[in-house]
Structure formats: C-alpha cells, structure tokens
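Build me a model from this:
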Amino acid sequence: MTRLANLKRQAMNSSLFRNHNMSNFKRLGPNHHLSVCKICGADVMVNLKPQPNEIDIGGEAVALPCPVA
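Take a look at the predicted model:
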C-alpha cells in the first residue's frame with residue numbers, strides 16, 4: 001500500500017469514527033488531497049510532504065463530530 005493510500009485510509013477511518021459521510025478525495029496539488037463531509041461540510045486534508053511544523057492529516061472532520069449525524 002502506498003503512503004498516499006495509507007494516509008487516505010487513516011483519514012477516512014478517523015472521519016467515519018466521528019460520524020462524517022465523506023466524499024471521495026480530490027487532488028488539490030501534487031502533495032495535497034481533500035475530502036469533504038456530504039452532510040456538514042467539514043473537511044480533511046492529506047499532505048504527502050508536510051513541512052517540519054505541519055501535519056500529514058488534518059481538518060475538522062478528524063477533530064470534531066458531525067453535528068448533524
């Protein structure tokens with residue numbers, strides 16, 4: 001499994017744990033991929049090459065529960 005596939009799987013699992021209904025990931029650039037909750041609009045971003053002060057998975061969908069679900 002590639003690093004990108006692994007990060008996407010982890011991001012989806014974390015989002016689903018918080019009851020989000022996530023869309024498919026969209027590529028925003030060479031290293032950034034974004035998915036958005038179809039219900040509340042919370043997002044999760046995967047960063048393949050984070051800077052030393054950045055993280056590889058982040059966003060509201062992995063931090064907060066879906067307020068509608």
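
what ranges do the helices span in the chain?
Counting by DSSP state H, the chain has helices at residues 3-17, 60-63.

residues making contact with the shortest one?
So the one you mean is helix 60-63. Contact partners of helix 60-63, identified using Cβ atoms under 8 Å, 6 or more residues apart in numbering, comprise 11, 14-15, 18, 20, 22, 35-37, 42-44. For glycine as for every other residue, the C-beta is placed from the backbone atoms N, C-alpha and C.

now, which of those sits nearest residue 67?
residue 42 (8.8 Å; Cβ to Cβ).

any low-confidence regions in the chain?
Filtered on pLDDT under 70, the chain yields no residues whatsoever.

From the centroid of it, which residue is nearest?
Centroid check for the chain by Cα atoms, centre = their mean gives residue 44 as the closest residue, at 2.8 Å.

My guess is that residue contacts residue 35. True?
Yes. Taking contacts as Cβ atoms under 8 Å, residue 44 lies within contact range of residue 35: 5.3 Å.

which residues do the two both contact?
Common neighbours of residue 44 and residue 35 (Cβ under 8 Å, 6+ apart) are 11-12, 15, 22, 61.

Look up how far residue 13 lies from the residue lying farthest from the centre of the chain.
Relative to the C-alpha centroid of the chain, counting by Cα atoms, centre = their mean, residue 52 is the outermost residue, at 19.2 Å. Distance, residue 52 to residue 13, using Cβ to Cβ, to the nearest Å: 26 Å.

Over to residue 63?
In this view, residue 63 and residue 13 are 14 Å apart by Cβ to Cβ.

List the contacts of the closest residue in space to residue 47 that isn't next to it in sequence.
Spatial nearest neighbour of residue 47, excluding adjacent residues (Cβ to Cβ, 6 or more residues apart in numbering): residue 56 at 5.2 Å. Taking Cβ under 8 Å, 6+ apart, we find residue 56 in contact with 7, 46-48, 50.
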